[in-house]
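**Q** Pasted the sequence and its predicted model underneath.
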Amino acid sequence: MADITKRSEDYSRWYLDVIQAAELAENSPVRGSMVIRPTGFAIWESIQRTLDDKFKELGHVNAYFPLLIPKSFLAKEAQHVEGFAKECAIVTHSRLKSTTKDGKPSVEPDPDSKLEEELIIRPTSETIIWDQFRKWIMSYRDLPVLINQWANVMRWEMRTRLFLRTSEFLWQEGHTAHATAKEARDETLQMLEVYRWFAEEYLAMPVITGPKTPRERFAGAVETFSIEAMMQDNKALQAGTSHDLGQNFAKAFDVKYQTAEETQEYVWATSWGVSTRLIGALIMCHSDDKGLVLPPKVAQRKVVIVPIYRSDEEKELVLNKAKEIAEQLKPVAGFVHIDDRDKMRPGWKFGEWERKGIPIRLELGPRDVGNNETVMATRHDCNKTSVSLDGLAETISEALDRMQKELFETALKRREENTHILETWEEFTTLYNAEGGFSYCHHCGETECEESIQDETKVTIRNIPLHSEDEEGSCIRCGKPSKKRVLFAQAY
RNA sequence: CGGGGCGUGGCGCAGUCCGGCAGCGCAUCUGCUUUGGGAGCAGAGGGCCACAGGUUCGAAUCCUGUCGCCCCGACCA
C-alpha cells in the first residue's frame, strides 16, 4: 500500500489516493467510465436508501425508463438539444461481424445492420419520460405525476475524474408534472430542501441553496436551483440540482390536460437529481491524510472490532467477548464486523480500517477483557480512549451521534473561515489569486459581466443564495447597481 | 480537442541517453518464530516491458502510428 499523498502537497493526487486506498473505485478500460468497488458502492447504497425513503414519504413513486432514446426525441426541446448535443453517445448498428485484421480475429459493426433511426444513450431522461407523460396525463385528475428513477446516464466528457465527473454515472432523476406553475415551483423548492437536508444531516456537509444564474441553468429549465458545498481546497462543488421546467417540455411533447372548467392546458414540470458525484463530495469534505472519513449515518459498517491475542486461550476469550459486544451493539450500530483474520497483526488492521473510514474501531485484548473495558478509536479525530463494557451500547451510540455532529461543525467552521464579504474588484482578485474560498459580492446580473469574471479569474457565480437578503449595492466587477449579493467561488 | 508529463509482475519504481539473459522495494504463497500501531528469518511463485507496425543478427531501449493515465487549458453534474 503506497502512502497517501498529503492534501497540502497535491490535493487532486490526494483525492485519487484516498479512493485507491479505501478501495472505493477504479478506472475501467473504457475511458471515463469507472468500476465502483464494494466499499464505494456501499456508500451509494446508503445514499439511495435514505433518499428513496424520503422521496416515497413525499409521495413519489419509482419507475424505470429505457436507456436508449430515439434521436428525434432529443431534438424536440430546442434548449435541451443544444445543451446535450455535444456529449451524447449514439448507437448506430445492431450487430457485429467477425472479420480478421492483420491475420487476427476481430469484430466490426455489420454495415447491413445500420439502424433506420439512430438511438441516443440517455444523458438524462426528460425526453423519453415526457413522451410517456403525454399518454398518462389526460385530465387534472391525473395530476400531479410524481415519478423518480434510479438509473445510469452517459455524458461524453472530455476530462473525467472518479466520482466527480465520469462519462457514465449513477443517479436518481425525479420527474414531476403539475397542474399549476405554483405547484411546480413548490415541488422544485421542496426537493431542493430535501437535498439540503440530506447533505447536512446525513453527509454532514453544509450547503448553500439557491437559484443558478441563467448561463448555468439546466438546458430546458426555466429556473435551476442547486446546493453548493465547499471542499477542503476551498473550491465549490455543485452537489445536487432541482429544476423548474415550466411548460417547456409539456409544449415540446404536447402534454395537455383537461381542467375542471373543460379547457386544455399544458402541464407544469420539474426535474431534480443527485448522482454518484455525492461520493466525491463526501470524500473531499471530510477525509484526511490517513484516508477516508465517513459520517456515521452514511457508513454501512459503523463499528469494527479488532481482537488482540497471542495464545489460543486468549483468542477464545477475546473472540467470545467480541461476539458478545457485537450482538449488544446491533441495535445502535447495525452489523458489527469482527476482524478475526489471523494472518494480519492488529497494527496493520488499524491502518486498514482507518484508510476505509470506519467511524469507530474497538480494540479488544485480554487485558481489556480482564478490566471489563475496550479501547474505542474514533476515526474523525483519531482519538483513542478506554471505555467500560458496561453500557457500551450507550457509549457507542453517543459517540456516533457526536461524530456526526462534529463532522458537520468542522465542515461548517471551515466554510465560515473561508467565506468573505467583498466590496471591491481588488479584494476579489486578491482573494482568488491566493487561497480562494466563497465570497458574497454584489453582481449586476448580466451574463457578459459574469463571463468576463470567469475569463479573468476562473471564478463563477455558484448560485444566488436563498438566504441572501435584499441590499442595495454595486456590481463587484462593473459597478452597475445590484440588489443582492451572490455566491462566488472557483468550482469543480 | 490543444500543450506538457508518464505507461516495465497486484502497487510504487530503476533500467531507455549509449540495443546484448527483465531487475528492485512493497504485496502474494509456504514454513518457523511472532501478535496492544503497518512483525522477523528462510524459501517460492508471478511480467507479450500499454498496443500495432518498422529498423536490426538481436529491441523495454531506436523509428512510426494508436490507445490509456495524470497535470494545465476550452466543455460539463
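**A** Thanks, I have the structure now. None of the values given here were measured: they were computed from a predicted structure.
**Q** Counting neighbours, what do you get for the closest residue to RNA strand B within the stretch 51-200 of chain A?
**A** Nearest residue of the stretch 51-200 of chain A to RNA strand B: residue A:158, at 3.5 Å (Cβ to the nearest atom of the strand). In short, each C-beta sits where N, CA and C put it, glycine included. By the measure other Cβ atoms under 10 Å, the count of residues near residue A:158 is 9.
**Q** Same question for residue A:345.
**A** By other Cβ under 10 Å, 11 other residues sit near residue A:345.
**Q** Same question for residue A:464.
**A** Count around residue A:464 with other Cβ under 10 Å applied: 18.
**Q** got a list of what it touches?
**A** A:210-213, A:484, A:486-487 (Cβ atoms under 8 Å, 6 or more residues apart in numbering).
**Q** do you know how far it is from residue A:480?
**A** 16 Å (Cβ to Cβ, to the nearest Å).
**Q** can you check residue A:8 too?
**A** For residue A:8, the distance to residue A:480 - Cβ to Cβ - is 40 Å.
**Q** Name the residues of the stretch 151-300 of chain A found near RNA strand B, please.
**A** A:155, A:157-162, A:164-167, A:169, A:216, A:218-219, A:226, A:238, A:241, A:275-277, A:290 (Cβ under 7 Å from any atom of the strand).
**Q** Quick one, which of the residues you listed are buried?
**A** A:155, A:157, A:160-162, A:164-167, A:169, A:216, A:218-219, A:226, A:238, A:241, A:275-277 (16 or more other Cβ atoms under 10 Å).
**Q** mind listing which of the residues you listed are in helices?
**A** The helices, defined by DSSP state H, take in residue A:277 from those.
**Q** Which ones among the buried ones among the residues of the stretch 151-300 of chain A next to RNA strand B map onto strands?
**A** A:169, A:226, A:238, A:241, A:275 (DSSP state E).
**Q** Taking these together, which two end up most distant?
**A** A:169 and A:226 (16.8 Å; Cβ to Cβ).
**Q** in the stretch 51-200 of chain A, which ranges drop under the pLDDT threshold?
**A** Along the stretch 51-200 of chain A, segments meeting pLDDT under 70 span A:100-106.
**Q** hmm, try it at 90
**A** Residue ranges of the stretch 51-200 of chain A with pLDDT under 90: A:71, A:74-75, A:77-118, A:156-161, A:166-167.
**Q** what's residue A:470 sitting at in phi/psi?
**A** With angles defined as degrees, to the nearest 10, residue A:470 sits at phi -60, psi 140.
**Q** pLDDT at the residue nearest to it when sequence neighbours are not counted, what is it?
**A** Closest residue to residue A:470 apart from its sequence neighbours, by Cβ to Cβ, 6 or more residues apart in numbering: residue A:483 at 5.6 Å. You'll see residue A:483 listed with a pLDDT of 93.
**Q** Which residues are in contact with residue A:483?
**A** Residue A:483 sits next to A:470-473 when contact means Cβ under 8 Å, 6+ apart.
**Q** Sheet-wise, list the partners of the strand or helix carrying it with their directions.
**A** Assigned by DSSP states H and E, residue A:483 falls within strand A:481-490. If you go by DSSP bridges, strand A:481-490 pairs up with strand A:438-442 (antiparallel), strand A:459-463 (antiparallel), strand A:470-474 (antiparallel).
**Q** Run through who's touching the last one.
**A** Counting by Cβ under 8 Å, 6+ apart, strand A:470-474 makes contact with A:423, A:442, A:480-485, all of which sit outside it.
**Q** If we use 6 Å, what do you get?
**A** Strand A:470-474 is contacted by residues A:442, A:481-483 when judged by Cβ atoms under 6 Å, 6 or more residues apart in numbering.
**Q** And for the second one?
**A** Strand A:459-463 is touched from outside by A:210, A:212-213, A:226, A:228, A:236, A:432, A:450, A:454, A:486-491, with contacts defined as Cβ under 6 Å, 6+ apart.
**Q** Recalculate using a threshold of 7 Å.
**A** For strand A:459-463, contacts defined as Cβ atoms under 7 Å, 6 or more residues apart in numbering pick out A:208, A:210-213, A:226, A:228, A:236, A:432, A:443, A:450, A:453-454, A:486-491.
**Q** Narrow those residues to those that are buried.
**A** Buried, going by 16+ other Cβ under 10 Å: A:208, A:210-213, A:226, A:228, A:236, A:432, A:443, A:450, A:453, A:486-491, out of these.
**Q** what are the ranges of the strands in the stretch 251-400 of chain A?
**A** A:256-258, A:264-266, A:268-275, A:303-307, A:337-338, A:360-364, A:373-378, A:383-388 (DSSP state E, counting those that start in this stretch).
**Q** Can you list the strands that the fourth one pairs with?
**A** It stands for strand A:303-307. Counting by DSSP bridges, strand A:303-307 is paired with strand A:337-338 (parallel), strand A:360-364 (parallel).
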